[in-house]
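>>> My questions concern the predicted model and sequence given below.
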Amino acid sequence: MESHLSGLHGPEPFLKRLTARPEFGPFVLLVAMIAVFWAVNPAFLSWRNISNVLAFTVELGLIALAMTLLMTAGEFDLSVGSLFGFCPVLMWTLYNTGATSIEVGFAISLVAAISVGLVRGLLVTQLKIPSFLVTLGMLLVVRGTALFVTSGFPQRTWKAEDLLLGQILVGNFNIAGLRIYMSLLWFVAAAVLLSYVLTRTRIGNWIQAAGGDAHAARARGVDVDLTKVKLFILSAVMAGFAGIVSSIRTAAANPNSGTGYELEVIAMVVIGGTALRGGRGTIVGTVLGIFILRSMRNGIVLIGVPGLAYNIFVGAIILGMMALHSWLGRRQQNGDSP
C-alpha cells in the first residue's frame, strides 16, 4: 500500500504532470532564450532594457489576453490590428477638433469598439459566417475608415501624457531604477482577472465547452452564441484600449498603427499553448508567449542579428511549439501522462 502511494506521489508522476502542461514548453523556451541573450550581451538584463521590453509588451499583450479567450471558444479575430489604429484616431480627432473632451472621446472610441465587436459576433453566430472571413472583412472596413477620416495622416497627440487620462493609462514611476508604466499594471490586472475567469468560473467553463464541442455545450444548456458575441466584444475593446494606450505613450495616433498585429498576437497565443481548434486555453501560457516574442524582438537586435530576421525566428518558434503541443497531446490521449 505504501509503495503504491509513493508511486502516486513520487517525483515521476509529478514530472509527467508538469511536462504535460501546455505552459511547460513556453516556460523552458523563455528561460533558455533569456539565458542566451544575456550570455551574449549582458545589457539584455539591464534595468533600462527590461523597462523597454515591458513598455512594448503591454499593448500587444492586452490584445493577446482577449484573443486567448476567443480562440479557446474556437474563433479568430483578424481585425484587432485595425481597431488598434482606429480607436485612438477617433479619440484624438474628436479631441483635436474641439468636438469633445479627451475623456468623452475615450468613451466614444470604446463604444465604437463595442459596436464593431457586436457586429462581428452577430455575423458569426447568427449568419454562421466563419470568423476568419468576418474579421478579415471588418479589418478592411475599419482600417479604410481610419484612413479615410484622416486622409492617411497621423493625429497629433502632443503633451498627451500631461492629461489626466494619460497619467492614468501610461503614467510612469521608478522602482529601484526600473521604470514602470501604469499600462503594465493594467496588463497585470487584466491577466489575473481573465485567468481567474477562464479557470475558476462558470463563464470559463462555457468558453472551453463552446470551443471543445459546441453541440454538446448547447445540449448542456450553454448559450454558445451569446458567449462568443461577448468574447468578440471583449477582443474589440481590448484592441481599441491598447491602441489608445500606445498613442499616448508614443505621442502619435497613426491610422496605419497595428498593421500586422493580428498575426503576431495569434502567434503569441498559439506559442503559449492555446489550441487552434478551440477547447483549451491558458492565460499563463499566453503571457509566456507574449514575453517570448517581445524578448525575441529586443534580444536579436542587442546581439547583432538584423531585425528583419525576426519573422524567421517567430516562424521557427511557432512550428516548434506546435509540434511540442501536438506531441504532448498525443501522449495524454495514449495515457502516457496522467
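Thanks, I have it.
>>> what residue lies at the spatial centre of the chain?
Centroid-nearest residue in the chain, with CA atoms, centre = their mean: Ala64, separated by 0.8 Å.
>>> That one and Ile290 touch, don't they?
Yes: under the contact definition of CB atoms under 8 Å, Ala64 touches Ile290, with a separation of 5.5 Å. (C-beta placed from N, C-alpha, C; glycine too.)
>>> Would you mind measuring from the residue nearest to the centre of the chain to Leu123?
Relative to Leu123, Ala64 is positioned 23 Å away (CB to CB, to the nearest Å).
>>> And for Val269?
Distance, Val269 to Leu123, by CB to CB: 22 Å.
>>> Could you check which of these two is surrounded by more residues?
Neighbour count, other CB atoms under 10 Å: between Val269 and Leu123, Val269 has more, with 28 against 20.
>>> Now do the contacts for that one.
Taking CB atoms under 8 Å, 6 or more residues apart in numbering, we find Val269 in contact with 64, 67-68, 71, 281, 286, 289.
>>> ok, these vs Met182, which is closest?
Taking CB to CB as the measure, Met182 lies nearest Ala64 of those, at 19.1 Å.
>>> could you say which helix or strand contains the closest one?
Element membership for Ala64, per DSSP states H and E: helix 47-72.
>>> Can you mark which positions in the next helix or strand after that helix are buried?
For helix 47-72, the succeeding helix or strand toward the C-terminus, using DSSP H and E, is helix 80-96. By 16 or more other CB atoms under 10 Å, the buried positions in helix 80-96 come out as 80-95.
>>> any idea which of those is the one closest to Ile312?
Among the buried residues of helix 80-96, Gly81 lies closest to Ile312 (CB to CB), at 21.1 Å.
>>> I'd say the closest one and Pro255 touch.
No: here Gly81 does not reach Pro255: they are 11.5 Å apart, not a contact under CB under 8 Å.
>>> Are there residues contacting both of those two? Which ones?
Common contact partners of Gly81 and Pro255 (CB under 8 Å, 6+ apart): Arg143.
>>> got a list of what Ile318 touches?
Going by CB under 8 Å, 6+ apart, Ile318 touches 267, 270-271.
>>> And the pLDDT for it?
You'll see Ile318 listed with a pLDDT of 85.
>>> and the one helix or strand it maps to, which residues are buried?
Element membership for Ile318 (DSSP H and E) is helix 310-333. For helix 310-333, a neighbour-count test (16+ other CB under 10 Å) marks 310, 313-314, 317-318, 321, 324-325, 328 as buried.
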